[in-house]
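>>> Let me see the structure of the following:
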Amino acid sequence: MELKYKKNILWKIAGAVWFILGFGAFIMLYQLGINNVFRTTIGVQLLLITLISTSLGRQYLRMTSISYITVVEVGISQYMGLIRKPRLYEFNQMKEGHLKGKKLLLSMKDDKVNKIGLDVLASEDIERLTDVLTKHIAIINDEKK
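Below you'll find the predicted structure:
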């Protein structure tokens, strides 16, 4: 089961801003000339800005198609971003879970507590996640009523 990021207009805005920044750096690179790009430090910096900005813009624009939480046979996997690999929380290593606001705190058997931010998931996806977790561990809802 894959739980994807919920739709948020701010991700589209951030993606557009990054693409505009990348396009501006590309225009400056074009004006600098292809022969001078690698001869000057500003050319290399502009090239890096163009590549990084377009990568970040693409990331933000496709955010709702990225699986934030993936439930696998042995546990749950949390997406950690572009550079870091997903973090796997194994069911047999979990003691219990606590829902506190928009965070899920997983107490592990090695006495570590792992925080999973749930504010990026839709409410029905949060319910699906807690349903899966309650089959393996106790989930305590610490919401203030």
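>>> Any regions of the protein where pLDDT drops low?
For the chain, the stretches flagged by pLDDT under 70 are 34-38, 143-145.
>>> buried residues in stretch 129-145?
Leu129, Leu133, Ile139 (16 or more other Cβ atoms under 10 Å). Backbone N, C-alpha and C define where each C-beta goes, glycine included.
>>> Over to Asn141: give its phi and psi.
phi -90, psi 110 (degrees, to the nearest 10).
>>> Got phi/psi on the residue most central in space within the chain?
For the chain, Gly81 is the residue whose C-alpha lies nearest the centre (Cα atoms, centre = their mean; 4.5 Å). Gly81 adopts backbone torsions of phi 120, psi -180, taken as degrees, to the nearest 10.
>>> can you list the domain ranges for the protein.
According to automatic domain parsing, the chain comprises the domains 2-64, 68-141.
>>> tell me how far the ends of the shortest one are from each other?
Spelled out, it's domain 2-64. Domain 2-64 stretches 12 Å from its first residue to its last (Cα to Cα, to the nearest Å).
>>> distance between it and the chain's centre?
Here domain 2-64 is found 18 Å from its chain centre; the criterion is Cα atoms, centre = their mean, to the nearest Å.
>>> can you check the longest one too?
What separates the centre of domain 68-141 from the centre of its chain is 14 Å, taken as Cα atoms, centre = their mean.
>>> check contacts around Arg87.
In this structure, Arg87 makes contact with Ser77, Gln78, Met80, Asn114, judged by Cβ atoms under 8 Å, 6 or more residues apart in numbering.
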